[in-house]
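J.: this is a predicted model, with the sequence first.
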Amino acid sequence: SRSITRRSDQNRKIKYCFYFAILPQLVKKVRSDFFDKLSRPKGRPFTCSQIIKTPAIDNRDAGWYTAFSTRRYGVLNEEDIMALSRRKKQIMKIVVDSYINTAEPVGSKAIADQLPEKVSSATVRKDLADLSDMGYLEQPHTSAGRIPSAKGYRLYVNELMDRKPLSAEEEASINTALAKPLQQVEQVIDQAGQMVSSFVGYPTYTVADHRTAATVQRFELIAVDAGSFIAVVMLSDNRVKSQLMRTSLPVEAEMLPQLSHLLNTHFTGVSAEEMNATLMHLSEQVSGQWFLILNQVTEYAGSLLEESSHQQVYTSGASQLLKFPEFRDIDKAHDLMSFMVDNKQELPVPAGDARMQILIGPENVNDALKESSVVIASYDIGDNMRGLVGVVGPTRMDYAAVAARLSYFAESLSRMFGKKQLPEDTTE
């Protein structure tokens, strides 16, 4: 009789767990890994969302009701569905801030001491366990404290991170660095990366990105002597390039303005392919001497357009990685440093016009960056061009400080490009 009563009580507990704790969560929590949980092997220990506490009941036949209610595997936690409590968010912020500053796992006692209200270490440990179950925290070793996961850093960046305004001294330093005479776009972009790396203390990369394909805006041919002339090409992105050209036939100074007019009439605002087609069409309408000069100039212009179609990426400060504990492993540091130098074209260049983007760990597409974070700021160069400055570092990056400095730097570069004219670049 007692045995029957005990079984009846157990059945009632199981039904209670299913109807009042599990079923409502199942309806709310339809996930892609739903059926993976169905195939979990029998016999694993489960804990039924703190409703069933008796191991004999909880593990009885490893029933599917327990498989869907486990806290250990984070399948149907109430915290996964509802917003994190205020205290859990406070704990997350303390853990991330502390780990960024010390690179050491954070324990419950240290967290309890920093919470605004008095909370026992046991309560903090329970919250830490919940946050770990939800994927926000990790525990490097059984006896160690907690460290943030990539998911935890994302929560921190999106909701918990304090915005750090720049000090007057930092603003003055950036303004002074950018007060130097403006040079060619490529040189400015390269130097900007070096300056940002020195200010933020992380490796950086910079990119000039064309929103639309560049074309030639204007040609100008300038006589030098009987056998040579200078071809000046102004591109639609406001860059001015020039090259000294030599010819096998004598060049009459009087013919160059006419050739310039012909070039500006038929070869501006078009692609390199269209230039070639137009040149072939004119081949029977101009003299051989004119055709040779037109061919030289359009070939040079086509090479400039081809160069513009490829993003120029500049990297700086790769050795800065060596100062971080995460890269004490020389092989790990070498792999990332080599990637930034040898595969820099694969560094993230996000589409869109967002002023600031942060990619954390696995959010990066390239495997070489899966354990790193990248903060990218965009600024306006003008003439359908944008510049990008990216900062690369460990996921334990000081996101607030980097974002503040990078944002101010990008805004300053936009203002600088908006006010000043780039000089001509003359190469022979």
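T.: Thanks, I have it.
J.: got a list of what Gly361 touches?
T.: 150, 153, 370-373, 395 (CB atoms under 8 Å, 6 or more residues apart in numbering). Quick note: C-beta positions are derived from backbone N, CA and C, even for glycine.
J.: let's go with 10 Å and repeat that
T.: 149-151, 153-154, 369-374, 394-395 (CB atoms under 10 Å, 6 or more residues apart in numbering).
J.: where does the stretch 51-200 of the chain have low pLDDT?
T.: 51-83, 180-185 (pLDDT under 70).
J.: and if we set it to 80?
T.: Counting by pLDDT under 80, the low-confidence segments of the stretch 51-200 of the chain come to 51-83, 142-144, 177-188.
J.: what are the ranges of the strands in it?
T.: With strands called from DSSP state E, counting those that start in this stretch, the stretch 51-200 of the chain shows them at 137-138, 147-148.
J.: so which of the contacts of Gly361 are in helices?
T.: 150-151, 153-154 (DSSP state H).
J.: show me which of those residues are buried.
T.: Buried by 16 or more other CB atoms under 10 Å: 150-151, 153-154, out of the ones in helices among the contacts of Gly361.
J.: widest-spaced pair of the residues you listed?
T.: Lys151 and Tyr153 (7.4 Å; CB to CB).
J.: what do these two both touch?
T.: In contact with both Lys151 and Tyr153: 136, 360-361, using CB under 10 Å, 6+ apart.
J.: need those in CSV with distance to Val297, can you?
T.: As requested, the shared contacts of Lys151 and Tyr153 are arranged in CSV below (distance: CB to CB, whole Å):
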residue, distance to Val297
Tyr136, 61
Ile360, 49
Gly361, 50
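J.: identify, from these, the entry nearest to Ser378.
T.: Nearest to Ser378 among the shared contacts of Lys151 and Tyr153: Ile360, at 18.2 Å, using CB to CB.
J.: and for the closest one, the neighbour number?
T.: Using other CB atoms under 10 Å, Ile360 has 22 neighbouring residues.
J.: so which of the strands of the stretch 51-200 of the chain is the most surrounded?
T.: strand 147-148 (a mean of 22; mean count of other CB atoms under 10 Å).
J.: and it, what does it pack onto?
T.: Taking 3 or more CB pairs under 10 Å, 6 or more residues apart in numbering; DSSP states H and E as contact, the helices and strands that strand 147-148 lies on are helix 86-102, strand 137-138.
J.: in its sheet, what does that strand sit against?
T.: Strand 147-148 has the following strand partners under DSSP bridges: strand 137-138 (antiparallel).
J.: hmm, who's touching the strand it pairs with?
T.: Applying CB under 10 Å, 6+ apart, the contact partners of strand 137-138 are 91-92, 95-96, 99, 105-106, 127-132, 144-152.
J.: hmm, 7 Å instead?
T.: The contact list for strand 137-138, computed with CB atoms under 7 Å, 6 or more residues apart in numbering, reads 95, 128, 131-132, 146-149, 152.
J.: could you do stretch 254-263 as well?
T.: 219-221, 223, 229, 290, 293-294, 297.
J.: now do the buried residues in it.
T.: 255-256, 259-260, 262-263.
J.: and those, which of them are in helices?
T.: Reading helices off the buried residues of stretch 254-263 with DSSP H, I get 256, 259-260, 262-263.
J.: of the residues you listed, closest to Tyr399?
T.: Leu263 (50.7 Å).
J.: separation between that closest one and Gly145?
T.: When distance is defined by CB to CB, to the nearest Å, Leu263 is 70 Å away from Gly145.
J.: not counting its neighbours along the chain, what's nearest Pro165?
T.: Leaving out its chain neighbours, the residue that sits closest to Pro165 by CB to CB, 6 or more residues apart in numbering is Ala404, at 6.5 Å.
J.: again, but for Ala192
T.: The spatially closest residue to Ala192, leaving aside those adjacent along the chain, is Thr206, at 5.5 Å (CB to CB, 6+ apart).
J.: gap between that neighbour and Val200?
T.: Distance, Thr206 to Val200, by CB to CB: 13 Å.
J.: same check, this time on Val313
T.: 18 Å.
J.: Leu256 too?
T.: Taken as CB to CB, the span from Leu256 to Val200 is 50 Å.
J.: what do you get for Gly152?
T.: Taken as CB to CB, the span from Gly152 to Val200 is 22 Å.
J.: now swap in Phe339 and tell me
T.: In terms of CB to CB, Phe339 sits 19 Å off from Val200.
J.: Val216 too?
T.: With distances taken as CB to CB, Val216 is found 38 Å from Val200.
J.: Arg163 touches Ala400, doesn't it?
T.: Yes. With contacts counted by CB atoms under 7 Å, Arg163 reaches Ala400, the gap being 6.5 Å.
J.: out of the two, which sits in the more crowded spot?
T.: Taking other CB under 10 Å, Arg163 and Ala400 do not tie; Ala400 has more neighbours (17 against 8).
J.: look up phi and psi at the closest residue to the more buried one other than its chain neighbours.
T.: Excluding the flanking residues, the one nearest Ala400 by CB to CB, 6+ apart is Lys164, at 4.4 Å. Phi and psi for Lys164, reported as degrees, to the nearest 10, are phi -110, psi 110.
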